[in-house]
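**Q** I'd like to go over a predicted model; first the sequence, then the structure.
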Amino acid sequence: LRKPQMRTVLASFLLLLAVCVHGLKAPSIKYSKLHKEALEVRRVFGETGILAVPEVPGYAAARAEALNASIRCLGAPEAASSLRLLHRSLRDGALRRSAATGTKGGVLLPLDVGCADFESKAEVLRALVQVA
């Protein structure tokens, strides 16, 4: 990352940390007003790099269904050896595993992890996130 990009990433991280630790509210614009508030969206992203988008139609239900399916599929002891998770080693030595999505060029892509129920519900959630 270049210096300006690094500053933006760091500022976004610090704001997210403040939101999580101190219970501060992230700037937000309701989903139904995103198109009407395009200038405000650009301003907020330019200043903070973070924006909450509440009230995305169908999101809460899709999130709950995907999480419940992940518990059923990914949480079963017998499933651990048969799942095909995406593994990435991070620079700090941490290992990240993903079962829901990968990205390519900013586009969210499905992963075939060997659990059809979870994959179908994750696809619905992924589509809602991509649209929002």
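**A** Good, I have the coordinates. Numbering: from 1, shown residues only.
**Q** Would you map the helices across this structure?
**A** Remark: helices assigned in the chain by DSSP state H are 3-22, 38-47, 59-74, 116-131.
**Q** Where in the protein is the helix or strand with the lowest mean pLDDT?
**A** helix 3-22 (a mean of 59; mean pLDDT, DSSP states H and E).
**Q** For residue 30, grab the count of nearby residues.
**A** 13 (other Cβ atoms under 10 Å). Every residue, glycine included, has its C-beta placed from N, CA and C.
**Q** Return the residues in contact with it.
**A** Residue 30 is in contact with 53-55, counting by Cβ atoms under 8 Å, 6 or more residues apart in numbering.
**Q** Distance check, it against residue 57.
**A** Distance, residue 30 to residue 57, by Cβ to Cβ, to the nearest Å: 11 Å.
**Q** my guess is residue 63 meets residue 125, correct?
**A** Yes: look at residue 63 against residue 125 with Cβ atoms under 8 Å: they come within range, at 5.9 Å.
**Q** sorry, back to before: give the buried subset of the contacts of residue 30 as a PyMOL selection command.
**A** Per 16 or more other Cβ atoms under 10 Å, the buried members of the contacts of residue 30 correspond to this PyMOL selection:
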select buried, resi 53
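**Q** nearest to residue 88, of the contacts of residue 30?
**A** residue 53 (26.5 Å; Cβ to Cβ).
**Q** so that closest one makes contact with residue 31?
**A** Yes: using Cβ under 8 Å, residue 53 is in contact with residue 31, at 5.4 Å.
**Q** mind listing what the closest residue in space to residue 44 that isn't next to it in sequence touches?
**A** Leaving aside its chain neighbours, residue 44 sits nearest to residue 27 (4.6 Å; criterion: Cβ to Cβ, 6 or more residues apart in numbering). Contact analysis of residue 27 by Cβ under 8 Å, 6+ apart lists 44, 48, 50-52.
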